[in-house]
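Asks: 3D model of this:
(one chain, ligands or ions: 1)
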Amino acid sequence: MESSLAEHAKGEHFHTVTPLLESWALSQVAGMTVFLKCENVQPTGSFKIRGIGHFCQQVAKKGCRHLVCSSGGNAGISAAYSARKLGIPATIVLPESASLQVVRRLQGEGAEVQLAGKVWDEANLRAQELAKRDGWVNVPPFDHPLIWEGHASLVRELKAALGTPPGALVLAVGGGGLLAGVSAGLVEVGWKHVPIVAVETRGAHSFNAAIEAGRLVTLPNITSVAKSLGAKTVAAQALACTQELKIISKVVEDREAVDATQRFLDDERMLVEPACGAALAAVYSGLLGRLQAEGRLGPSLASVVVIVCGGNGIDSRELQALRAQLGQS
Ligand code: PLV
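Replies: Numbering: from 1, shown residues only. Reported below is the predicted structural model:
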(Lines give C-alpha, C1' and ligand atoms only; values in the text may rest on other atoms or scores of the structure.)
Protein backbone atom coordinates (compact mmCIF):
# COMPACT_ATOMS: atom_id res chain seq x y z
CA MET A 1 0.00 0.00 0.00
CA GLU A 2 1.34 3.41 -0.92
CA SER A 3 1.29 6.04 1.79
CA SER A 4 -0.52 9.32 1.24
CA LEU A 5 2.91 10.95 1.53
CA ALA A 6 4.11 8.95 -1.46
CA GLU A 7 0.94 9.87 -3.37
CA HIS A 8 1.57 13.50 -2.60
CA ALA A 9 5.20 13.22 -3.73
CA LYS A 10 4.10 12.44 -7.28
CA GLY A 11 2.81 15.99 -7.71
CA GLU A 12 5.56 18.20 -6.28
CA HIS A 13 9.06 18.79 -7.59
CA PHE A 14 11.83 17.15 -5.61
CA HIS A 15 14.40 19.80 -6.50
CA THR A 16 14.93 23.15 -4.79
CA VAL A 17 15.06 26.56 -6.43
CA THR A 18 18.78 27.15 -5.90
CA PRO A 19 20.53 30.43 -5.05
CA LEU A 20 22.21 32.47 -7.75
CA LEU A 21 25.16 34.14 -6.03
CA GLU A 22 27.38 36.87 -7.38
CA SER A 23 30.89 35.73 -6.52
CA TRP A 24 33.28 38.48 -5.57
CA ALA A 25 36.31 36.17 -5.66
CA LEU A 26 35.59 34.57 -9.04
CA SER A 27 34.61 37.92 -10.54
CA GLN A 28 38.03 39.25 -9.50
CA VAL A 29 39.76 36.32 -11.21
CA ALA A 30 37.65 36.47 -14.37
CA GLY A 31 37.59 40.25 -14.77
CA MET A 32 33.82 40.15 -15.24
CA THR A 33 30.80 39.47 -13.05
CA VAL A 34 30.57 35.78 -12.25
CA PHE A 35 27.29 34.37 -10.97
CA LEU A 36 27.21 30.93 -9.40
CA LYS A 37 24.13 28.77 -9.86
CA CYS A 38 24.49 26.73 -6.69
CA GLU A 39 23.24 23.26 -7.59
CA ASN A 40 25.48 21.87 -4.87
CA VAL A 41 22.79 22.83 -2.35
CA GLN A 42 20.15 20.60 -3.93
CA PRO A 43 18.85 18.04 -1.39
CA THR A 44 20.84 15.38 -3.27
CA GLY A 45 24.01 17.46 -3.60
CA SER A 46 23.82 17.96 -7.37
CA PHE A 47 21.64 19.26 -10.24
CA LYS A 48 20.77 15.66 -11.12
CA ILE A 49 17.63 15.74 -8.98
CA ARG A 50 15.99 18.12 -11.44
CA GLY A 51 15.85 15.67 -14.33
CA ILE A 52 15.86 12.45 -12.38
CA GLY A 53 13.17 13.60 -9.95
CA HIS A 54 10.99 14.51 -12.94
CA PHE A 55 11.68 11.20 -14.69
CA CYS A 56 10.92 9.15 -11.57
CA GLN A 57 7.67 11.00 -10.91
CA GLN A 58 6.50 10.37 -14.46
CA VAL A 59 7.25 6.63 -14.41
CA ALA A 60 5.73 6.30 -10.92
CA LYS A 61 2.47 7.68 -12.31
CA LYS A 62 2.56 4.89 -14.88
CA GLY A 63 2.87 2.20 -12.19
CA CYS A 64 6.61 1.52 -11.97
CA ARG A 65 7.29 -0.83 -9.05
CA HIS A 66 11.08 -0.73 -8.81
CA LEU A 67 13.61 1.87 -9.96
CA VAL A 68 17.07 0.90 -11.13
CA CYS A 69 19.78 3.44 -11.93
CA SER A 70 23.38 3.05 -13.06
CA SER A 71 25.47 5.96 -11.96
CA GLY A 72 28.84 7.46 -11.25
CA GLY A 73 27.21 8.38 -7.93
CA ASN A 74 25.18 11.55 -8.14
CA ALA A 75 22.44 10.34 -10.47
CA GLY A 76 22.07 7.33 -8.20
CA ILE A 77 21.61 9.48 -5.11
CA SER A 78 18.95 11.48 -6.92
CA ALA A 79 17.19 8.29 -8.05
CA ALA A 80 17.34 6.80 -4.54
CA TYR A 81 16.05 10.04 -3.00
CA SER A 82 13.18 10.20 -5.51
CA ALA A 83 12.37 6.53 -4.95
CA ARG A 84 12.16 7.07 -1.19
CA LYS A 85 9.86 10.06 -1.65
CA LEU A 86 7.68 8.03 -4.01
CA GLY A 87 7.66 4.93 -1.79
CA ILE A 88 9.23 2.74 -4.51
CA PRO A 89 12.25 0.46 -3.90
CA ALA A 90 15.46 1.30 -5.76
CA THR A 91 18.58 -0.56 -6.88
CA ILE A 92 21.59 1.61 -7.73
CA VAL A 93 24.43 0.14 -9.78
CA LEU A 94 27.79 1.88 -9.40
CA PRO A 95 31.21 1.15 -10.88
CA GLU A 96 33.66 -0.43 -8.43
CA SER A 97 35.50 2.89 -8.11
CA ALA A 98 32.50 4.41 -6.25
CA SER A 99 33.37 6.33 -3.12
CA LEU A 100 32.41 5.10 0.33
CA GLN A 101 30.45 8.22 1.22
CA VAL A 102 28.28 7.77 -1.88
CA VAL A 103 27.58 4.12 -1.00
CA ARG A 104 26.68 5.13 2.57
CA ARG A 105 24.36 7.87 1.42
CA LEU A 106 22.61 5.46 -0.95
CA GLN A 107 22.14 2.91 1.80
CA GLY A 108 20.87 5.70 4.04
CA GLU A 109 18.24 6.47 1.40
CA GLY A 110 17.14 2.84 1.66
CA ALA A 111 18.46 1.77 -1.75
CA GLU A 112 20.10 -1.53 -2.60
CA VAL A 113 23.64 -0.89 -3.92
CA GLN A 114 25.37 -3.11 -6.47
CA LEU A 115 28.90 -2.63 -7.78
CA ALA A 116 29.60 -3.68 -11.37
CA GLY A 117 32.52 -2.98 -13.69
CA LYS A 118 35.30 -0.46 -13.72
CA VAL A 119 33.47 2.47 -15.32
CA TRP A 120 29.89 3.72 -15.61
CA ASP A 121 29.33 2.13 -19.04
CA GLU A 122 29.81 -1.33 -17.50
CA ALA A 123 27.53 -0.59 -14.56
CA ASN A 124 24.97 0.56 -17.10
CA LEU A 125 24.92 -2.85 -18.80
CA ARG A 126 24.04 -4.48 -15.47
CA ALA A 127 21.28 -1.90 -14.86
CA GLN A 128 19.78 -2.56 -18.28
CA GLU A 129 19.77 -6.29 -17.50
CA LEU A 130 18.01 -5.73 -14.15
CA ALA A 131 15.45 -3.43 -15.74
CA LYS A 132 14.10 -6.34 -17.82
CA ARG A 133 12.31 -7.59 -14.72
CA ASP A 134 8.58 -7.08 -14.55
CA GLY A 135 7.62 -3.66 -13.16
CA TRP A 136 11.25 -2.42 -13.03
CA VAL A 137 12.23 0.79 -14.80
CA ASN A 138 15.74 1.92 -15.73
CA VAL A 139 16.48 5.54 -14.85
CA PRO A 140 18.93 6.84 -17.48
CA PRO A 141 21.36 9.23 -15.75
CA PHE A 142 21.63 11.59 -18.72
CA ASP A 143 20.14 10.25 -21.95
CA HIS A 144 16.37 10.75 -21.94
CA PRO A 145 13.98 13.60 -22.93
CA LEU A 146 12.36 13.61 -19.47
CA ILE A 147 15.79 14.14 -17.89
CA TRP A 148 16.44 17.13 -20.16
CA GLU A 149 12.94 18.49 -19.50
CA GLY A 150 13.65 18.35 -15.76
CA HIS A 151 17.08 19.97 -16.05
CA ALA A 152 15.57 22.83 -18.10
CA SER A 153 13.99 24.19 -14.89
CA LEU A 154 17.44 25.55 -14.04
CA VAL A 155 17.27 28.01 -16.94
CA ARG A 156 13.76 29.14 -15.99
CA GLU A 157 15.17 30.00 -12.56
CA LEU A 158 18.03 31.93 -14.15
CA LYS A 159 15.56 33.95 -16.21
CA ALA A 160 13.45 34.69 -13.14
CA ALA A 161 16.53 35.78 -11.15
CA LEU A 162 18.43 37.74 -13.81
CA GLY A 163 15.73 39.08 -16.12
CA THR A 164 18.23 39.80 -18.87
CA PRO A 165 20.41 37.06 -20.37
CA PRO A 166 23.98 36.56 -19.12
CA GLY A 167 26.88 36.88 -21.56
CA ALA A 168 27.63 33.17 -21.36
CA LEU A 169 26.92 30.00 -19.40
CA VAL A 170 29.61 27.62 -18.21
CA LEU A 171 28.89 23.99 -17.40
CA ALA A 172 30.53 20.57 -17.14
CA VAL A 173 29.73 17.73 -19.54
CA GLY A 174 29.65 14.05 -18.63
CA GLY A 175 27.06 12.18 -20.67
CA GLY A 176 25.64 15.50 -21.82
CA GLY A 177 22.33 15.50 -19.93
CA LEU A 178 22.99 18.83 -18.25
CA LEU A 179 24.05 20.34 -21.57
CA ALA A 180 20.95 19.02 -23.36
CA GLY A 181 18.66 20.22 -20.56
CA VAL A 182 20.20 23.67 -20.37
CA SER A 183 20.05 23.95 -24.16
CA ALA A 184 16.34 23.06 -24.09
CA GLY A 185 15.83 25.64 -21.35
CA LEU A 186 17.63 28.37 -23.30
CA VAL A 187 15.45 27.73 -26.33
CA GLU A 188 12.33 27.72 -24.14
CA VAL A 189 13.02 31.09 -22.48
CA GLY A 190 14.17 32.77 -25.70
CA TRP A 191 17.87 32.85 -24.73
CA LYS A 192 19.08 30.69 -27.59
CA HIS A 193 21.80 33.19 -28.47
CA VAL A 194 23.60 32.81 -25.10
CA PRO A 195 26.82 30.86 -25.72
CA ILE A 196 27.52 27.78 -23.59
CA VAL A 197 31.07 26.93 -22.63
CA ALA A 198 30.96 23.14 -22.19
CA VAL A 199 33.93 21.82 -20.22
CA GLU A 200 35.28 18.30 -19.79
CA THR A 201 38.46 16.89 -18.32
CA ARG A 202 40.97 15.10 -20.53
CA GLY A 203 40.33 11.38 -20.23
CA ALA A 204 36.56 11.94 -19.94
CA HIS A 205 36.28 14.10 -23.08
CA SER A 206 33.65 12.16 -25.03
CA PHE A 207 31.80 15.33 -26.08
CA ASN A 208 34.90 17.07 -27.37
CA ALA A 209 35.94 13.92 -29.24
CA ALA A 210 32.48 13.76 -30.85
CA ILE A 211 32.66 17.39 -31.94
CA GLU A 212 36.12 16.91 -33.43
CA ALA A 213 34.97 13.80 -35.32
CA GLY A 214 31.54 15.20 -36.27
CA ARG A 215 29.87 12.02 -34.95
CA LEU A 216 29.58 10.12 -31.66
CA VAL A 217 32.88 8.69 -30.46
CA THR A 218 33.39 6.02 -27.80
CA LEU A 219 36.52 6.66 -25.73
CA PRO A 220 38.61 3.53 -25.15
CA ASN A 221 38.72 4.22 -21.41
CA ILE A 222 38.01 6.81 -18.73
CA THR A 223 41.31 8.00 -17.34
CA SER A 224 40.26 11.29 -15.69
CA VAL A 225 39.89 11.60 -11.90
CA ALA A 226 36.56 13.36 -12.58
CA LYS A 227 34.68 10.06 -12.50
CA SER A 228 31.27 11.74 -12.62
CA LEU A 229 32.12 12.97 -16.11
CA GLY A 230 33.08 9.46 -17.14
CA ALA A 231 30.64 8.35 -19.83
CA LYS A 232 32.61 6.83 -22.70
CA THR A 233 30.04 8.04 -25.23
CA VAL A 234 28.06 11.24 -24.95
CA ALA A 235 24.29 11.31 -25.61
CA ALA A 236 23.42 11.91 -29.27
CA GLN A 237 21.25 14.82 -28.16
CA ALA A 238 24.31 16.64 -26.78
CA LEU A 239 25.90 16.59 -30.20
CA ALA A 240 22.60 17.56 -31.84
CA CYS A 241 22.42 20.68 -29.62
CA THR A 242 25.52 22.04 -31.32
CA GLN A 243 23.44 22.50 -34.50
CA GLU A 244 21.01 24.85 -32.78
CA LEU A 245 23.05 26.68 -30.14
CA LYS A 246 26.46 28.24 -29.83
CA ILE A 247 28.34 25.63 -27.82
CA ILE A 248 32.08 25.98 -27.25
CA SER A 249 33.61 22.67 -26.19
CA LYS A 250 36.78 22.84 -24.08
CA VAL A 251 38.96 20.25 -22.39
CA VAL A 252 40.88 20.98 -19.18
CA GLU A 253 43.50 18.85 -17.47
CA ASP A 254 42.72 16.94 -14.28
CA ARG A 255 45.14 19.13 -12.37
CA GLU A 256 43.27 22.27 -13.50
CA ALA A 257 39.94 20.79 -12.36
CA VAL A 258 41.35 19.73 -8.99
CA ASP A 259 43.15 23.04 -8.55
CA ALA A 260 39.86 24.85 -9.27
CA THR A 261 38.11 22.65 -6.69
CA GLN A 262 40.69 23.64 -4.07
CA ARG A 263 40.56 27.33 -4.93
CA PHE A 264 36.77 27.32 -4.91
CA LEU A 265 36.81 25.76 -1.47
CA ASP A 266 39.11 28.50 -0.22
CA ASP A 267 37.27 31.32 -2.02
CA GLU A 268 33.66 30.33 -1.41
CA ARG A 269 33.99 27.72 1.33
CA MET A 270 32.12 25.15 -0.74
CA LEU A 271 33.50 21.71 -1.56
CA VAL A 272 32.51 20.20 -4.91
CA GLU A 273 33.67 17.27 -7.02
CA PRO A 274 36.42 17.64 -9.66
CA ALA A 275 33.55 17.12 -12.16
CA CYS A 276 32.33 20.53 -11.07
CA GLY A 277 35.90 21.79 -10.76
CA ALA A 278 36.10 21.31 -14.54
CA ALA A 279 33.51 24.07 -15.02
CA LEU A 280 35.14 26.27 -12.37
CA ALA A 281 38.49 25.81 -14.13
CA ALA A 282 37.07 27.88 -16.99
CA VAL A 283 37.43 30.83 -14.63
CA TYR A 284 40.48 29.83 -12.60
CA SER A 285 42.61 28.63 -15.52
CA GLY A 286 41.94 31.77 -17.55
CA LEU A 287 39.97 29.91 -20.22
CA LEU A 288 37.10 32.42 -20.19
CA GLY A 289 39.50 35.31 -20.52
CA ARG A 290 41.19 33.64 -23.50
CA LEU A 291 37.86 32.93 -25.20
CA GLN A 292 36.86 36.54 -24.72
CA ALA A 293 40.19 37.81 -26.06
CA GLU A 294 39.70 35.60 -29.13
CA GLY A 295 36.30 37.25 -29.64
CA ARG A 296 34.48 33.96 -29.29
CA LEU A 297 32.06 35.13 -26.60
CA GLY A 298 30.68 38.24 -28.26
CA PRO A 299 32.11 41.77 -28.12
CA SER A 300 31.34 42.84 -24.55
CA LEU A 301 30.98 40.03 -22.07
CA ALA A 302 29.71 41.62 -18.86
CA SER A 303 28.65 38.54 -16.91
CA VAL A 304 28.77 34.78 -16.92
CA VAL A 305 26.86 32.13 -15.02
CA VAL A 306 28.84 29.12 -13.87
CA ILE A 307 26.68 26.12 -13.04
CA VAL A 308 28.08 24.75 -9.81
CA CYS A 309 26.84 21.24 -10.46
CA GLY A 310 28.05 19.92 -7.08
CA GLY A 311 28.76 16.26 -6.42
CA ASN A 312 28.86 13.92 -3.42
CA GLY A 313 32.01 11.95 -4.21
CA ILE A 314 34.38 14.23 -2.33
CA ASP A 315 35.48 15.12 1.19
CA SER A 316 38.53 16.93 2.56
CA ARG A 317 40.56 13.75 2.68
CA GLU A 318 39.68 12.77 -0.89
CA LEU A 319 40.62 16.24 -2.12
CA GLN A 320 44.00 15.94 -0.40
CA ALA A 321 44.53 12.49 -1.93
CA LEU A 322 43.70 13.83 -5.41
CA ARG A 323 46.11 16.70 -4.98
CA ALA A 324 48.84 14.31 -3.87
CA GLN A 325 48.11 12.01 -6.82
CA LEU A 326 48.46 14.95 -9.22
CA GLY A 327 51.58 16.28 -7.54
CA GLN A 328 49.89 19.40 -6.14
CA SER A 329 50.63 19.08 -2.44
N1 PLV B 1 27.21 12.32 -13.32
C2 PLV B 1 26.49 11.11 -13.74
C3 PLV B 1 27.20 10.33 -14.78
O4 PLV B 1 28.38 9.72 -14.29
C5 PLV B 1 26.09 10.28 -12.53
O6 PLV B 1 25.78 9.13 -12.70
O7 PLV B 1 26.04 10.83 -11.44
N8 PLV B 1 28.68 17.12 -12.55
C9 PLV B 1 28.37 16.17 -11.66
C10 PLV B 1 28.63 16.42 -10.21
C11 PLV B 1 27.81 14.96 -12.10
O12 PLV B 1 27.48 13.99 -11.23
C13 PLV B 1 27.60 14.75 -13.49
C14 PLV B 1 27.02 13.47 -14.03
C15 PLV B 1 27.94 15.78 -14.37
C16 PLV B 1 28.48 16.97 -13.86
C17 PLV B 1 27.73 15.70 -15.85
O18 PLV B 1 26.39 15.65 -16.16
P19 PLV B 1 25.88 14.97 -17.52
O20 PLV B 1 26.18 13.51 -17.41
O21 PLV B 1 24.43 15.27 -17.53
O22 PLV B 1 26.63 15.62 -18.61
C23 PLV B 1 29.11 8.97 -15.24
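Asks: So which residues on the chain come close to the ligand?
Replies: Contacts of the chain with the ligand, taken as CB under 6 Å from any ligand atom, map to 46, 48, 71-75, 120, 141-142, 172-179, 228-231, 273, 275-276, 309-311. For every residue, glycine as well, the C-beta is placed using N, CA and C.
Asks: Report the beta-bridge partners for Lys37.
Replies: With DSSP bridges as the criterion, Lys37 is bridged to Leu20, Ile307.
Asks: Contacts only, for Gly43.
Replies: You called it Gly, but residue 43 is Pro. By CB atoms under 8 Å, 6 or more residues apart in numbering, the contact list for Pro43 reads 14-16, 49, 81.
Asks: Let's have those in JSON lines, adding secondary structure, pLDDT and neighbour count.
Replies: Below are the contacts of Pro43 laid out as JSON lines (DSSP: H, G, I helix; E, B strand; the rest coil; pLDDT from 0 to 100; neighbours: other CB atoms under 10 Å):
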{"residue": "Phe14", "secondary structure": "coil", "pLDDT": "97", "neighbour count": "22"}
{"residue": "His15", "secondary structure": "coil", "pLDDT": "98", "neighbour count": "25"}
{"residue": "Thr16", "secondary structure": "coil", "pLDDT": "97", "neighbour count": "15"}
{"residue": "Ile49", "secondary structure": "helix", "pLDDT": "98", "neighbour count": "28"}
{"residue": "Tyr81", "secondary structure": "helix", "pLDDT": "98", "neighbour count": "26"}
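Asks: quick revisit: looking at the residues of the chain next to the ligand, which are in helices?
Replies: 48, 74-75, 120, 177-179, 275-276 (DSSP state H).
Asks: now that we have those residues, which one has the most neighbours?
Replies: Among those, the one with the most neighbours (other CB atoms under 10 Å) is Lys48, at 36 neighbours.
Asks: what pLDDT does it get?
Replies: In this model, Lys48 is scored at 98, pLDDT.
Asks: before we move on, what about Gly295?
Replies: 89.
Asks: again, but for the one 5 residues further on
Replies: Looking at Ser300, its pLDDT reads 73.
Asks: cool, His8 as well?
Replies: The model's pLDDT for His8 equals 63.
Asks: Buried residues, stretch 193-213. List them.
Replies: Neighbour counts using 16 or more other CB atoms under 10 Å place 194-211 of stretch 193-213 among the buried residues.
Asks: can you check stretch 83-100 too?
Replies: 83-95, 97-99.
Asks: can you check stretch 106-113 too?
Replies: Within stretch 106-113, the residues scored as buried using 16+ other CB under 10 Å are 106, 109, 111, 113.
Asks: Please apply the same query to stretch 281-292.
Replies: In stretch 281-292, counting by 16+ other CB under 10 Å, buried: 281-285, 287-289, 291-292.
Asks: Can I get the residues you listed in JSON lines including distance to Leu301 and pLDDT?
Replies: Listed next are these as JSON lines, based on distance: CB to CB, whole Å; pLDDT from 0 to 100:
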{"residue": "Ala281", "distance to Leu301": "18", "pLDDT": "98"}
{"residue": "Ala282", "distance to Leu301": "12", "pLDDT": "98"}
{"residue": "Val283", "distance to Leu301": "12", "pLDDT": "98"}
{"residue": "Tyr284", "distance to Leu301": "17", "pLDDT": "98"}
{"residue": "Ser285", "distance to Leu301": "17", "pLDDT": "97"}
{"residue": "Leu287", "distance to Leu301": "13", "pLDDT": "96"}
{"residue": "Leu288", "distance to Leu301": "8", "pLDDT": "96"}
{"residue": "Gly289", "distance to Leu301": "10", "pLDDT": "92"}
{"residue": "Leu291", "distance to Leu301": "9", "pLDDT": "94"}
{"residue": "Gln292", "distance to Leu301": "5", "pLDDT": "92"}
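Asks: hang on, the earlier thing: among the contacts of Pro43, which two are most distant?
Replies: Distance extremes for the contacts of Pro43: the farthest pair is Thr16 and Tyr81 at 11.9 Å, using CB to CB.
Asks: Quick one: the helices in the stretch 201-329 of the chain, in order.
Replies: Using DSSP state H, counting those that start in this stretch, the helices of the stretch 201-329 of the chain run over 206-213, 236-244, 254-268, 274-284, 287-293, 316-325.
Asks: can I get the contacts of Pro43 in TSV with distance to Ser300?
Replies: Formatted as TSV, the contacts of Pro43 follow (distance: CB to CB, whole Å):
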residue	distance to Ser300
Phe14	39
His15	33
Thr16	33
Ile49	35
Tyr81	42
